[in-house]
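K.L.:
Would you be able to build a 3D model of this:
(2 chains)
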There are 2 protein chains.
Amino acid sequence: MTPKAVPAIEALASTTPFIAPEALARRAGLSSLLRLGANESPLGPSPAAVEAMQGAVSGSWMYSEPESTDLRAALARYHGIAPENVSVGAGIDDLLALAVRAYLGDGTVALGYGTYPTFLYHVAGYGGRAVTVPYENGRIPLDALAALAREHQTPMVYLANPDNPSGSYASPAELARFMEALPDPTLLILDEAYIDFADDFAPQVTIDPRVIRMRTFSKIYGMAGARIAYALAAPEVVSTFQKIRQHFGINRLAQIGALAALGDRAFFEQVRRETARGREAYRELGERLGCATIPSSTNFVCFDIGTRTRAEAMVEELLARGVFIRKPGLPPLDRYVRVTVAAPQDHPRFAATFAQALAAIDAKEDVLV
Amino acid sequence: MTPKAVPAIEALASTTPFIAPEALARRAGLSSLLRLGANESPLGPSPAAVEAMQGAVSGSWMYSEPESTDLRAALARYHGIAPENVSVGAGIDDLLALAVRAYLGDGTVALGYGTYPTFLYHVAGYGGRAVTVPYENGRIPLDALAALAREHQTPMVYLANPDNPSGSYASPAELARFMEALPDPTLLILDEAYIDFADDFAPQVTIDPRVIRMRTFSKIYGMAGARIAYALAAPEVVSTFQKIRQHFGINRLAQIGALAALGDRAFFEQVRRETARGREAYRELGERLGCATIPSSTNFVCFDIGTRTRAEAMVEELLARGVFIRKPGLPPLDRYVRVTVAAPQDHPRFAATFAQALAAIDAKEDVLV
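P.N.:
Next comes the predicted model:
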């Protein structure tokens, strides 16, 4: 007799949060795509990180150091906190799973409807439930989210700041007001994957025992394929993660590359500048083509395509032209497409292709009318 | 108020399965150690894998392909099965966690007392329990293990074959008899991390719906730091893992390196040969020094040091001399030390240091008597 999974797992839906660009390319019959759909940084890792990883490849026979001692010390110095406030994981997805498993279980979390889907994947996976507030004007309404958390006395609240997929940003003052309005106790999972792109970004953080901040080397540091991220939290949280994390789960090259990347502040600032320029170029492109954009503090921009159907068609038209993007799946943001800021040399190709794709869906609609 | 973890997680002990060699080196005041404690392969990754990873470092800004399509296809060809029978994970530890979470939950697993501790780390972490049989003559007695599983009607049985830490091996015929004696249904987690070193190893496998085989690139392929392994199982198991795994959790260089490593059969055979020679040299060393060894089908050998106290002292004496090894923690194997087969050029240093360390503990005992 074939063994069965435990009922809670058996009952889970067979869904994949995201279809890979490689699968989309195969579907489109193309060998590769301009990758603007996963908010990867086309500017790549810092040359210092590349050099460090190159030098370490032949040492891949060794496990990584399980406590990430050097990296945690460097991160602590950078953020002005203690190494005991830092837990390193194999990407924010790994850390989100640890947080949900340790602090939510079968409880209820409050979050924005349509925000980062992988978070809810873990909530469902560990038997939790969710209550949600809808986006308003391209933003998660923090007052409404806090009120919802109070109403349900949720033990956990999830907020991506800057938000994904909208790109919108709550300032430190807005965030402080939000924290004041949350129920007590509650644990805020503050997913700051894109915080390095915010205009007022500063490395210093203060540790609030009610918050787990998540940071990553996947975005501004251009190391998405390396799978390395970290949580900033109270020592009790770090100790709790220590009870359930995969101690030898970090790729050794990722660990070495992250340390080198962290040390290259000039490259970090260059990526920030070029990304800000690219966002502005996207805003102008949208304006020129009649697609409003949501102000973004990230390395991606949402373009308003008018309706869900048109936005879905836009994704397909771009894919057919060799450009991979994604779109928010749920209303009211489902009329937008979300586009990663392209490398400067790829911007003209993207802009031209975007205009062509938009013209193509307009032309099809004219035929239908 | 500081949020608390859910009770099941709060109740877990704060243990780390293994202390890292880097931490041991710091304790000993040494900058590096001869690493013979984690069964890493000092022969390193295949030159083909090194070259492939070198070439891919600058592409680390891209996420890995989440379905590992190319690697799964290559693994399926290699093992004579279908890609639907293959699930790729970030190391066997990752796959063990998925298996325990999906198929054990709060159930009871039967296993050998003192076998691979990280498996029990996951069992405890997901709320499961364990029943155990002790080693007999350096082996896990399969008849007794099957009888225990029948007695408790356990939904899961764990067996590492070849075993860690003993290094002993059950032949395909012994394993088939064991399978016959298991309760029905039960799921056998067959941890084959070291199977590539067995004398009668052959790549072909048959899929049994009652078994999840776990294989890794960490051992014979010399890529422990890369974190990549795979499960061979019925399509239903692969689908179940798909519901809970980290879809973007594989390091991209690991994925690329594993594919290249799999293609380099000459290097694989060379590592097999050199490891077999090293095992024989260890056996002879033990014989010369009066330490019986357990016949091993892996890349490590257990030496009988006489008592638990002497074996613990041996670990410390070797550490003080710059050599990192480990020892089984639980009786009856706790009188052994476990030593990874060294690279040929390091063997003389290890043999001399081992003899010195043994003489040192003998001398201390003489003083005590």
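
K.L.:
What is the burial count for the residue of the stretch 251-369 of chain A found nearest chain B?
P.N.:
For the stretch 251-369 of chain A, the residue closest to chain B is residue A:252, as judged by CB to the nearest CB, at 3.1 Å. Where C-beta positions appear, they are placed from N, C-alpha and C, glycine not excepted. The number of residues packed around residue A:252, counting by other CB atoms under 10 Å in any protein chain shown, is 25.

K.L.:
residue boundaries of the strands in the stretch 1-150 of chain A?
P.N.:
Chain-ordered strands for the stretch 1-150 of chain A, with DSSP state E, counting those that start in this stretch as the definition, fall at A:34-35, A:86-89, A:108-112, A:129-133.

K.L.:
Among those, single out whichever gets nearest to chain B.
P.N.:
strand A:34-35 (6.5 Å).

K.L.:
The closest one: partners in the sheet, and parallel or antiparallel?
P.N.:
Strands that pair with strand A:34-35, judged by DSSP bridges, come out as strand A:323-324 (parallel).

K.L.:
Do me a favour and get the end-to-end distance for stretch A:326-334?
P.N.:
One end of stretch A:326-334 to the other measures 11 Å (CA to CA, to the nearest Å).

K.L.:
buried stuff in it?
P.N.:
A:326-328, A:330, A:333-334 (16 or more other CB atoms under 10 Å in any protein chain shown).

K.L.:
Residue A:337 belongs to a helix, doesn't it?
P.N.:
No - according to DSSP: H, G, I helix; E, B strand; the rest coil, residue A:337 belongs to no helix; its state is strand.

K.L.:
List the residues that contact it.
P.N.:
With contact taken as CB atoms under 8 Å, 6 or more residues apart in numbering or on different chains, residue A:337 is in contact with A:302-303, A:305, A:311, A:314-315, A:318, A:325-327.

K.L.:
What does the pLDDT read for the nearest residue to it once chain neighbours are set aside?
P.N.:
Of all residues beyond its chain neighbours, the one nearest residue A:337 is residue A:327 (4.6 Å), with distances taken as CB to CB, 6 or more residues apart in numbering or on different chains. For residue A:327, the pLDDT comes out at 97.

K.L.:
shouldn't residue A:327 be in contact with residue A:338?
P.N.:
Yes - here residue A:327 reaches residue A:338: they are 6.0 Å apart, a contact under CB atoms under 8 Å.

K.L.:
quick revisit: surely the residue of the stretch 251-369 of chain A closest to chain B meets residue A:63?
P.N.:
Yes - at 6.9 Å, residue A:252 counts as touching residue A:63 under the criterion of CB under 8 Å.

K.L.:
okay, and the common contacts of the two?
P.N.:
With CB under 8 Å, 6+ apart, residue A:252 and residue A:63 have common neighbours residue B:225.

K.L.:
separation between the closest residue in space to residue A:66 that isn't next to it in sequence and residue B:94?
P.N.:
Nearest residue to residue A:66 in three dimensions, chain neighbours excluded: residue A:247, at 4.3 Å (CB to CB, 6+ apart). Counting by CB to CB, to the nearest Å, the gap from residue A:247 to residue B:94 is 12 Å.

K.L.:
With neighbour numbers in mind, choose between these two.
P.N.:
Using other CB under 10 Å as the criterion, residue A:247 and residue B:94 rank with residue B:94 on top: 27 against 18.

K.L.:
What's the separation between the residue in the stretch 101-250 of chain A positioned nearest to chain B and residue A:104?
P.N.:
Nearest residue of the stretch 101-250 of chain A to chain B, counting by CB to the nearest CB: residue A:225, 3.1 Å away. In this structure, residue A:225 and residue A:104 are 28 Å apart, going by CB to CB.

K.L.:
How much space separates the nearest residue to residue A:336 once chain neighbours are set aside from residue B:297?
P.N.:
In this structure, residue A:336 finds its nearest non-sequential neighbour in residue A:302, 4.1 Å apart by CB to CB, 6+ apart. When distance is defined by CB to CB, residue A:302 is 57 Å away from residue B:297.

K.L.:
quick one, which of those two is more surrounded?
P.N.:
More crowded of residue A:302 and residue B:297, by other CB under 10 Å: residue A:302, with 28 against 23.

K.L.:
Could you check the pLDDT of the more buried one?
P.N.:
98.

K.L.:
Which parts of chain A are helices?
P.N.:
Ranges of helices within chain A are A:7-10, A:21-28, A:47-56, A:69-79, A:92-103, A:117-125, A:142-152, A:172-181, A:235-244, A:252-263, A:265-289, A:308-320, A:347-368, based on DSSP state H.

K.L.:
Can I get those helices in CSV including mean pLDDT?
P.N.:
Listed next are the helices of chain A as CSV, based on pLDDT from 0 to 100:
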stretch, mean pLDDT
helix A:7-10, 95
helix A:21-28, 92
helix A:47-56, 98
helix A:69-79, 98
helix A:92-103, 98
helix A:117-125, 96
helix A:142-152, 98
helix A:172-181, 97
helix A:235-244, 97
helix A:252-263, 98
helix A:265-289, 98
helix A:308-320, 97
helix A:347-368, 92
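
K.L.:
could these go into a markdown table alongside distance to residue A:197?
P.N.:
Listed next are the helices of chain A as a markdown table, based on distance: least, CB to CB, whole Å:
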| stretch | distance to residue A:197 |
| --- | --- |
| helix A:7-10 | 37 |
| helix A:21-28 | 21 |
| helix A:47-56 | 18 |
| helix A:69-79 | 17 |
| helix A:92-103 | 15 |
| helix A:117-125 | 19 |
| helix A:142-152 | 20 |
| helix A:172-181 | 15 |
| helix A:235-244 | 25 |
| helix A:252-263 | 15 |
| helix A:265-289 | 6 |
| helix A:308-320 | 23 |
| helix A:347-368 | 17 |
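
K.L.:
and the stretch 51-200 of chain A, which residues reach chain B?
P.N.:
Proximity of the stretch 51-200 of chain A to chain B, by CB under 8 Å from any CB of the partner chain, involves residues A:53-54, A:57-67, A:69, A:90-91, A:93-94, A:97, A:101-105, A:107, A:125, A:155-156, A:184-187.

K.L.:
how about a cut-off of 7 Å?
P.N.:
For the stretch 51-200 of chain A, the contact set with chain B under CB under 7 Å from any CB of the partner chain comprises A:53-54, A:57-67, A:69, A:90-91, A:93-94, A:101-103, A:105, A:125, A:155, A:184-187.

K.L.:
For PyMOL, what selects the buried ones among those?
P.N.:
Written as a PyMOL command, the selection of buried residues from these, which uses 16+ other CB under 10 Å, is:
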select buried, chain A and resi 53+54+57+60+61+62+63+64+65+66+67+90+91+93+94+101+102+103+105+125+155+186+187
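
K.L.:
Quick one: residues contacting residue A:307.
P.N.:
Taking CB atoms under 7 Å, 6 or more residues apart in numbering or on different chains as the contact definition, residue A:307 lies against residue A:335.

K.L.:
So for residue A:218, what's the nearest residue that isn't a sequence neighbour?
P.N.:
Distances taken as CB to CB, 6+ apart put residue A:224 closest to residue A:218, at 4.0 Å, once the chain neighbours are dropped.

K.L.:
can you pull the contacts of that neighbour?
P.N.:
Taking CB under 7 Å, 6+ apart as the criterion, residue A:224 is in contact with A:40, A:218, B:61-63.

K.L.:
Now do it, the pLDDT please.
P.N.:
Note on residue A:224: pLDDT of 98.

K.L.:
Over to residue A:32?
P.N.:
So residue A:32 comes in at 89 (pLDDT).
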